[in-house]
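J.: 3D model of this:
(2 chains)
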Amino acid sequence: MNHPFERIHGPMTRKQLLRRAAVGGATLSLPGILAACGGDGGIEGQQAATGAGDTTVAQELADEITVSNWPFYIDQNDDATSFPTLDQFTEETGVKVNYLEDINSNEEFFGEIQAPLSRGQGIDRDIIVPTAWLAARLLNLGYLQKLDKSAIPNIDNLEDTLASPAWDPNRDYSLPWQSYITGVGYDPKKVGGEITSVEQLLDPALKGKITMLDSMEDTIGLFLLEMGVDPSGEIDPTAYDEAVAKVQKAVDDGQIRSFTGNDYTGPLAKGDVWASLAWSGDILILQPDNPNLQFTVPDAGGMTSVDTMVIPTGGDVYTASTFMNFFYDPEIAAQVTAYVQYITPVKGTKEAIEATNPELVEDPLVFPTPEALENLYEFNAEAIENPEFQEQWQAVIGV
Amino acid sequence: MSFLHRHGWLTPYLLLAPGIAFLVLFFVVPLYYLGYTSLQEGTVQVGYTFTWAWDNYSEAFSTYQEQFIRSLQYAGIATVLALLISYPLTYWIAFRGGRWKNLLLLFIIAPFFVTYLIRTLAWQNILADDGFLVGVMQALGLVSDDGRLLATSTAVIAGITYNFLPFMALPLYVALEQIDPRLIEAAKDLYSSSTKAFLRVTLPLSAPGLIAGTLLTFIPAAGDFINAELLGTPNQAMIGNVIQSKFLEITDYGQAAALSVILMAVILLMIAIYTRILGTERMTG
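T.: Predicted coordinates:
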């Protein structure tokens, strides 16, 4: 049995090299060609290669699988010493899980993994869980490997609404982990009342006591909604400018304490920060630390997206696919949902959870009603990759 | 052996070879790549190409002037504060420490066995809005009732001062330790006041430590980003934060490299002026 990180890369034939270069060079880019030279995984990741179907994956489980995910994103036991579902996975398959909670923000994570992936090297990860837009970017850059669907019969449990995103219409390269809602997490006692809009965070009484997210799609998305602009459609640059100007003014006034990734949770739980742009499930997990904390979707609407499991170059496809399959079992998904309280992509979870946590079934943040879903928007994927938008945003967050 | 006998002039070069190889490998080559990268343009999507993109420099300089100036200010203030704290401290240890010298010195260094990040995170707790320190200072009227310490310039400068203190204290201690106390006694025997003896004897003799200490503090402090990141807000962002996010988050390698080169040049220039005024020979005693 080969260790996933010690897989032997056979020498590449000239034909392979040329073919890979041709695929990678669809845009004739340097990273493309470098990725193409990167040994196995390079070609499977190329979108242009879809349908080639000549991948033969060894259907043998590795000893260990390494997964990178966001903090607070999987069930833990009471004293936070182990991850019960991961233990079950190990019990069932014999595969040890090296579970890393090392994704704090998509941009940061991309910066870390980009260099080796662009050279076609692995990143010592079998599964990573970026947000959909980053997963799409990774796919376009040729950094991902095709799933081994023969190992994922549970893919039938994937929610229909998530089955065919534009960037991966057949889910050949990706499977959702959880969907999240971006809204406001706050302590009503400190803030002095209920928060129903993002505008309220700009109240001078909260000066220096609020944080916003460093991900443009979350923060600007919420401001656009407040302005009555639908961020999932095409975004008018003047509307974008206006939203950016609002945030910039708040920065200049010292209103915003910091722009954060997932690390807003510490100061918010401690009470140094009174209100944060936040992700739904986090706040529910923080409540034991600070029972006052509330999560709310602004009246004008909340943002949403899907954090997505993908297999980067160098990852063990069969083992990773087996892992994905495990988490698409509704019983397992229910255990995760009961703890993380995010929106599950797995059909049947609601029924499975009813027996153990009936109150969760009623929670609109975990199982959103159709009306609640209508008030959630996913940021326009093209706008996220718009370099001018990105540049403006970077200037606002001070870097 | 006989080869070396015949070519004796080679010996010093051979002895230097490991050092030179090290410098070439870990200084000259990276520096070359930094310069090379700083003239590239492109993105992850289309790739990076070398185009003599001098724009990187002009743009980096004009866009991030504020952060440059702030970095030099914070580093400057922190260096002065570290000096004001370290000098009396190490003076006392060197001249009055007696047999406790080593133990006292250990006390200065002990906190630094804990990693940098953890120490800075600890400051978040010390300076927390609902924390003890802010409470006391509010009671004393040093901080207004709705005021705070965390996420202000004060916090960032305090963090830098604390984190770089040993770089100031240790060279100072070494310099002060070496001063022969009899010289100060002699000055006093010659009717010098204590102040004058300090200014004319102790201070000049400790100058090498002082110069080394200020340089060792100022240079890394100017490029620091952890303190601003953890103890500040976007309004306290230093040039290190910009470089870090340009390299790691925005993957704009060209401009990130250009910013690094500019920072290096500015610091070199400042050191040149500083040592010209104080004299480099003092650095080596």
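J.: which SSE is the spatially most central residue of chain B in?
T.: In chain B, the centroid-proximal residue (C-alpha atoms, centre = their mean) is B:Thr217; its distance is 2.8 Å. Using DSSP states H and E, B:Thr217 sits within helix B:203-222.
J.: What of A:Phe89?
T.: Assigned by DSSP H and E, A:Phe89 falls in helix A:84-93.
J.: And that helix, what does it pack against?
T.: Helices and strands touching helix A:84-93, by 3 or more C-beta pairs under 8 Å, 6 or more residues apart in numbering or on different chains; DSSP states H and E, are strand A:96-100, helix A:317-327, helix A:330-340. No exception for glycine: its C-beta is placed from N, CA and C like everyone else's.
J.: go again using 6 Å as the cut-off
T.: strand A:96-100, helix A:330-340 (3 or more C-beta pairs under 6 Å, 6 or more residues apart in numbering or on different chains; DSSP states H and E).
J.: which other residues reach it?
T.: Contact with helix A:84-93 is made by A:Leu61, A:Asp75, A:Asn77, A:Lys96, A:Val97, A:Tyr99, A:Phe326, A:Ile332, A:Gln335, A:Val336, as judged by C-beta atoms under 6 Å, 6 or more residues apart in numbering or on different chains.
J.: Pick the one among these closest to chain B.
T.: Using C-beta to the nearest C-beta, A:Tyr99 comes nearest to chain B of the contacts of helix A:84-93, at 21.7 Å.
J.: so how far is the helix holding B:Thr217 off the chain centroid?
T.: 9 Å (C-alpha atoms, centre = their mean, to the nearest Å).
J.: which strands and helices sit next to the helix or strand that that helix is followed by?
T.: Note on helix B:203-222: by DSSP H and E, the next helix or strand toward the C-terminus is helix B:226-231. Secondary-structure packing of helix B:226-231 (3+ C-beta pairs under 6 Å, 6+ apart): helix B:116-126, helix B:153-177.
J.: Would you reformat those as TSV and include distance to A:Trp70?
T.: Shown next, in TSV, are those (distance: least, C-beta to C-beta, whole Å):
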stretch	distance to A:Trp70
helix B:116-126	20
helix B:153-177	27
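J.: how about these, which one is nearest chain A?
T.: helix B:116-126 (7.8 Å).
J.: the strands in chain B, which residues?
T.: In chain B, the strands defined using DSSP state E lie at B:40-43, B:47-50.
J.: what about those, which gets the closest to chain A?
T.: Of those, the one closest to chain A (C-beta to the nearest C-beta) turns out to be strand B:47-50, at 3.3 Å.
J.: How far off centre is that closest one?
T.: Centre-to-centre, strand B:47-50 and its host chain are 33 Å apart (C-alpha atoms, centre = their mean).
J.: Direction included, what does that strand pair up with?
T.: strand B:40-43 (antiparallel) (DSSP bridges).
J.: how far out from the middle of the chain is the partner strand?
T.: Its chain's C-alpha centre and that of strand B:40-43 lie 31 Å apart, by C-alpha atoms, centre = their mean.
J.: Repeat that for stretch A:102-110.
T.: Put simply, stretch A:102-110 sits 9 Å off its chain's centre (C-alpha atoms, centre = their mean).
J.: any weak-confidence spans in the stretch 1-150 of chain B?
T.: The model of the stretch 1-150 of chain B has pLDDT under 70 over residues B:1-2.
J.: Which residues of it lie near chain A?
T.: Within reach of chain A by C-beta under 6 Å from any C-beta of the partner chain, the stretch 1-150 of chain B has these residues: B:Val44, B:Val46, B:Gly47, B:Ala128, B:Asp129, B:Asp130.
J.: Show the contacting residues for the last one.
T.: For B:Asp130, the contacting residues are A:Gly271, by C-beta under 6 Å, 6+ apart.
J.: how close does it get to A:Gly271?
T.: 5 Å (C-beta to C-beta, to the nearest Å).
J.: Would you mark the buried spots in the helix holding B:Thr217?
T.: B:205-219, B:221-222 (16 or more other C-beta atoms under 10 Å in any protein chain shown).
J.: which other residues reach it?
T.: The contact list for helix B:203-222 (C-beta under 6 Å, 6+ apart) reads B:71, B:75, B:78-79, B:82, B:160, B:164, B:167-168, B:171-172, B:174-176, B:179, B:267, B:278, B:282-283, B:285.
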